[in-house]
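*Asks:* Give me a 3D structure for the following:
(chains A, B, C and D)
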There are 2 protein chains.
Amino acid sequence: MVETGIAQGSERRSEILMRATDAFVTHGYSGTSMADLARAIGIRKASLYHHFPSKEALFIACVTEGFEGAVRRLEALRSDDTLADPGRIRAAMEEIYRINLTTPVGRMSPLIAEVAPTIPEVAQAFHNGFIARHYATVTGMIEDGIARGSFAAVDPLGMQHLIFGPVITLALSREMTASFPNRDDLYPVDRIRKTHIDLILKLLIKPESSDGR
Amino acid sequence: MVETGIAQGSERRSEILMRATDAFVTHGYSGTSMADLARAIGIRKASLYHHFPSKEALFIACVTEGFEGAVRRLEALRSDDTLADPGRIRAAMEEIYRINLTTPVGRMSPLIAEVAPTIPEVAQAFHNGFIARHYATVTGMIEDGIARGSFAAVDPLGMQHLIFGPVITLALSREMTASFPNRDDLYPVDRIRKTHIDLILKLLIKPESSDGR
DNA sequence: GTCTATATTTCGATAGAC
DNA sequence: GTCTATCGAAATATAGAC
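*Replies:* This next block holds a predicted model:
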């Protein structure tokens, strides 16, 4: 168990974590110094050590706290009775795009990959706490739809990769091309999301059904 | 123009680049020191400066050389007359999986994203030289197939993301979970590739045609 | 809780012998 | 072309005043 500093849930703590997370996902773990972090937060380097005992403890807090809300929001969609199965998948994919393209959680995978060889526990915590639960929720939605007869009998594992893959890669591509003047022409989020969702539903809706075209 | 050291094409040079690239993609740019690189190559740090004038020059050489062969191999598939359109897409996807999961080129995107804010030229060079050409080749294959009447009139941009997204994300996921004992159960390459290719062909083959099921 | 000041290690890079 | 030795800057972290 790693010591992570002042009490969780504190106002000041989440303020610090927000700014630190933003710096980490932009420049990487090794590429972000404690001086950089202190500057981003607006305090001196030594003061930062009052809140967190080490850079590693601060980093672990950044990548293991704060995604609970995102996971629960997706899980709530699965048990939302007001949605039909196609509408549920559509809503889930909109949420997956939102979380991966407009919050730092979606940019954390490369960060985790960077530190995984040296801090393997952090990779475990992030994968089990965020990625695996997101995957399981969507896979469950597809299996529910198949069981209810709304969806064709597709392979849930294949669909899972077809749903998440393009979103995560899009977030990475946009990060990689952040300095390009034509980034929004190369990777137009709205258009890509719309055609992506339509193609997924085309695969899920049974061929004999008519509402899939 | 950045000075990149000893002559390109040299035997010793590509040996150094191979080992350096492997270190960079595993630990990131800032996470890899010149001492680390020298150790991986098997020489002393000072000797490394005989081959490359700076860490940045060595890094730029790593991410801008060496992918030419991969690009050309995919482009050759597009103009291969012995292949029918579905078989061509199938062969292209096999090659995309191979290059992204068994060579370092496929693990470079997170690396590029890390240094993009500080060395934007390297992001431009990698995107234009590798990513954009891969995308254009596959999009061209799809457009050729539509023009020849082999494929349904799908949106090439949407298909492009549906083809590359899952592969790049799979490479990233496997990197992130490299230390997990159950990585191959979480992300089984062969099974994911097979179902992915089958689903893509299902979308591409016209509904009235019978060879897509 | 935040600060100045500093200890200690590691970084990228250079000098110069062989 | 490779080495030992070393420089100056920047890294993580700590001591102690306020």
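*Asks:* Name the nearest residue to residue A:174, sequence neighbours excluded.
*Replies:* Spatially, and ignoring its direct neighbours in sequence, residue A:174 is nearest to residue A:187 (5.2 Å; CB to CB, 6 or more residues apart in numbering or on different chains). Just so you know, the C-beta spots here come from the backbone N, C-alpha and C atoms, and that holds for glycine as well.
*Asks:* For that neighbour, give its distance to residue A:162.
*Replies:* Using CB to CB, to the nearest Å, we find residue A:187 at a distance of 18 Å from residue A:162.
*Asks:* Looking at those two, which has the bigger crowd around it?
*Replies:* Per other CB atoms under 10 Å in any protein chain shown, whichever of residue A:187 and residue A:162 has more neighbours is residue A:162, with 25 against 20.
*Asks:* and the residue nearest to residue A:174, what does it touch?
*Replies:* Contact partners of residue A:187, counting by CB atoms under 8 Å, 6 or more residues apart in numbering or on different chains, are A:170, A:173, A:174, A:177.
*Asks:* If we ignore the residues flanking it in sequence, what's nearest the last one?
*Replies:* Leaving out its chain neighbours, the residue that sits closest to residue A:177 by CB to CB, 6+ apart is residue A:183, at 4.6 Å.
*Asks:* now that neighbour: how far from residue A:176?
*Replies:* Separation of residue A:183 from residue A:176 (CB to CB) stands at 9 Å.
*Asks:* who's more crowded, the two?
*Replies:* residue A:176 (25 against 15).
*Asks:* roughly how far apart are that one and chain B?
*Replies:* 4 Å (CB to the nearest CB, to the nearest Å).
*Asks:* Pull out the buried residues from stretch A:72-87.
*Replies:* Residues A:74, A:77, A:83, A:85, A:86 are the ones in stretch A:72-87 that count as buried (16 or more other CB atoms under 10 Å in any protein chain shown).
*Asks:* Give me the subset of the residues you listed lying in helices.
*Replies:* A:74, A:77, A:85, A:86 (DSSP state H).
*Asks:* Just the pLDDT at the last one, thanks.
*Replies:* So the one you mean is residue A:86. Note for residue A:86: predicted pLDDT of 97.
*Asks:* and it, what does it touch?
*Replies:* A:145, A:150, A:201, A:204, A:205, A:211.
*Asks:* of all those, which two lie farthest apart?
*Replies:* The most widely separated members of the contacts of residue A:86, counting by CB to CB, are A:145 and A:211 (13.4 Å).
*Asks:* Can you name the residues in contact with the strand or helix carrying residue A:56?
*Replies:* Element membership for residue A:56 (DSSP states H and E) is helix A:55-64. Contact partners of helix A:55-64, identified using CB under 8 Å, 6+ apart, comprise A:2-5, A:13, A:16-17, A:20-21, A:24, A:29, A:34, A:37, A:48, A:51-52, A:108, A:111-112, A:115, A:119, A:121-122, A:125-126, A:129.
*Asks:* and that helix, average pLDDT?
*Replies:* pLDDT averaged over helix A:55-64 gives 97.
*Asks:* At which residues are the helices of chain A located?
*Replies:* A:11-27, A:34-41, A:45-51, A:55-64, A:68-78, A:85-102, A:108-115, A:120-126, A:132-147, A:156-176, A:183-186, A:189-204.
*Asks:* Do the fourth one and DNA strand C come into contact?
*Replies:* Okay, so that is helix A:55-64. No: contact of helix A:55-64 with DNA strand C is not found when judged by CB under 7 Å from any atom of the strand; the minimum separation is 12.9 Å.
*Asks:* for DNA strand D, what are the nearby residues on chain A?
*Replies:* Contact residues, chain A versus DNA strand D (CB under 7 Å from any atom of the strand): A:32, A:33, A:34, A:35, A:36, A:45, A:46, A:49, A:53, A:54, A:55, A:56.
*Asks:* Most neighbours among those residues, which one?
*Replies:* Counting by other CB under 10 Å, top hit in the residues of chain A next to DNA strand D: residue A:32 with 22 neighbours.
*Asks:* show me what contacts that residue?
*Replies:* By CB under 8 Å, 6+ apart, the neighbours of residue A:32 are A:23, A:24, A:26.
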